[in-house]
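>>> When you get a sec, could you give me coordinates for this:
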Amino acid sequence: MRLIMSAFYLLAGIFHIVAPRGFLLIVPPYVPWPEAVVFATGVCEILGALGLMTVRFRRAAGIGLAAYAVCVFPANIHHALHMIPVEGLPLSWWYHGPRLVLQPVVVWWALFCGEVTDWPWRSVSHP
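Next up is the predicted model:
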């Protein structure tokens, strides 16, 4: 699961930096300096992906990527509510609905991959 998440965030981070247009389209209008924000989010994704693959930075990367998923949620909501067309992405609630509903799962997944939580697989010990 960690390798899949790392690969996903590494690719997403690279795309944020080398092809920011689609990401810029969904940045809510109240976010200042959208170009800098999209670039910074790409850097965060890349650093998080690399961090997950190291023992030393795994926990920090998991927490950082979970926080990142929370922070970009308003852009996902903006994208869905305004049905902003982005090349290569479907323009329907069949895409946006699951994406929004699954955002908490992405937060959990980052925390799980960062070894911040082992829920729901932890063993329960009784005194």
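>>> Where does pLDDT dip in the protein?
123-127 (pLDDT under 70).
>>> hey, which helix is longest across it?
Criterion DSSP state H: the longest helix present in the chain is helix 34-52.
>>> Neighbours of Q103, how many?
The local packing of Q103 (other Cβ atoms under 10 Å) involves 16 other residues. Every C-beta, even on glycine, is put in place using the N, C-alpha and C of the backbone.
>>> ok, now which ones touch it?
69, 73, 76 (Cβ atoms under 8 Å, 6 or more residues apart in numbering).
>>> hang on, the earlier thing: tell me the gap between the longest helix of the chain and the middle of its chain.
10 Å (Cα atoms, centre = their mean, to the nearest Å).
>>> what does it contact?
Outside helix 34-52, the residues that touch it by Cβ under 8 Å, 6+ apart are 2, 5-10, 12-17, 20, 23-24, 27, 31, 57-58, 60-62, 64-65, 68, 72, 110, 113-114.
>>> circling back: between the contacts of Q103, which has the most around it?
Going by other Cβ under 10 Å, A69 tops these with 21 neighbours.
>>> The spatially most central residue of the chain and A110: what is the separation?
With distances taken as Cα atoms, centre = their mean, A69 lies nearest the centre of the chain, 4.1 Å away. In this view, A69 and A110 are 6 Å apart by Cβ to Cβ, to the nearest Å.
>>> rewinding a little: just the buried members of the contacts of helix 34-52?
2, 5-6, 9-10, 12-13, 16-17, 20, 23, 27, 57-58, 60-62, 64-65, 68, 72, 110, 113-114 (16 or more other Cβ atoms under 10 Å).
>>> if I pick L65, what's in contact with it?
5, 9, 44-45, 48, 52, 110, 113-114.
>>> rerun at 7 Å
Residues in contact with L65 (Cβ atoms under 7 Å, 6 or more residues apart in numbering) are 9, 48, 110.
>>> element containing the residue nearest to the second one when sequence neighbours are not counted?
Put plainly, it is G48. Take G48 and drop its neighbours on the chain: the residue closest to it by Cβ to Cβ, 6 or more residues apart in numbering is L65, 4.1 Å away. Using DSSP states H and E, L65 sits in helix 58-71.
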